[in-house]
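Novice: fold the following and give me the result.
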Amino acid sequence: MVTSNWSELFVVIAESAATLIGLLFVAVTVTKGRNFNGSLEIVEFRAAASLIAFTNALVVSLFGLVPGNNIGYPALTMGVIGIFFIGAGVKTTLAQPPSQQRRRHQVALFVGLLAVFGFQIFCGLRLINRPHSGGLSVIGDVLIASLLIGIGRAWEQVGSWDTGIVSSVSRIFRRAGPHVDE
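Specialist: Here you go, the predicted structure:
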């Protein structure tokens with residue numbers, strides 16, 4: 001179990017993740033059947049990325065709050081599941097015709113998830129081997145990053161546009177006119 005200094009953070013992360021999962025289900029339901037530019041498989045993968053990001057934060061936080069649990073085990077387990085998810089996403093992306101792959105967007109998502117799950121695996125192993133090694137702060141940061149990635153992908157699901165910083169800044173400087181997604 002995480003110490004009392006950390007338990008409040010993990011309670012907030014778990015509550016946030018649970019709420020966001022519920023909102024994601026609503027968003028997916030509302031947008032179901034809507035026309036998207038590109039591949040339906042890519043759209044579905046990106047929605048699933050939100051779910052895995054939120055579920056990651058929820059699972060690790062909840063298991064970390066159970067008395068006697070070492071948070072390293074759920075962090076490691078969810079990190080490995082996340083790496084397999086990324087592999088499935090790469091396979092799904094490469095199976096699409098090049099015009100529908102949205103490679104730049106997919107690569108950014110893969111890199112973000114890889115960073116989250118990579119750090120999570122590293123810190124999970126560290127906490128399993130040495131429970132008081134200080135990896136807990138990184139796990140907290142990684143779970144927050146996981147929530148942020150999930151929020152970005154969920155917003156994309158609802159808004160049907162990229163929420164990345166580069167995309168957002170470029171929208172400021174584009175001329176007004178018909179909106180064309182990449």
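Novice: okay, which residue is most central for the protein?
Specialist: In the chain, the centroid-proximal residue (C-alpha atoms, centre = their mean) is Ala53; its distance is 3.0 Å.
Novice: the closest residue to that residue other than its chain neighbours and Val111: what is the separation?
Specialist: Leaving aside its chain neighbours, Ala53 sits nearest to Gly150 (3.4 Å; criterion: C-beta to C-beta, 6 or more residues apart in numbering). Using the backbone N, CA and C atoms, a C-beta is placed for each residue, glycine as well. Note on Gly150: its distance to Val111, by C-beta to C-beta, to the nearest Å, is 15 Å.
Novice: does the nearest residue to Gly82 once chain neighbours are set aside lie in a helix or a strand, and which?
Specialist: Leaving out its chain neighbours, the residue that sits closest to Gly82 by C-beta to C-beta, 6+ apart is Phe117, at 3.5 Å. Phe117 belongs to helix 103-129 when assigned by DSSP states H and E.
Novice: ok, and for that helix, which residues are buried?
Specialist: Within helix 103-129, the residues that count as buried by 16 or more other C-beta atoms under 10 Å are 105-106, 108-110, 112-113, 116-117, 119-128.
Novice: quick one: contacts for the residue nearest to the centre of the chain?
Specialist: Contacts for Ala53 (C-beta atoms under 8 Å, 6 or more residues apart in numbering) come out as Leu113, Val116, Ser146, Leu147, Ile149, Gly150, Arg153.
Novice: kindly recompute the last result at 6 Å.
Specialist: Ala53 makes contacts with Ser146, Ile149, Gly150, as judged by C-beta atoms under 6 Å, 6 or more residues apart in numbering.
Novice: secondary structure class of the first one, three-state.
Specialist: By that I understand Ser146. Classification of Ser146 by DSSP: H, G, I helix; E, B strand; the rest coil places it in helix.
Novice: do you know how far it is from Thr31?
Specialist: Separation of Ser146 from Thr31 (C-beta to C-beta): 22 Å.
Novice: now stretch 86-104, how far from the centre of its chain.
Specialist: Computed by C-alpha atoms, centre = their mean, to the nearest Å, the chain-centroid distance of stretch 86-104 equals 17 Å.
Novice: hmm, which helix or strand of this protein has the shakiest average pLDDT?
Specialist: Within the chain, no helix or strand scores below helix 165-173, which has a mean of 63 by mean pLDDT, DSSP states H and E.
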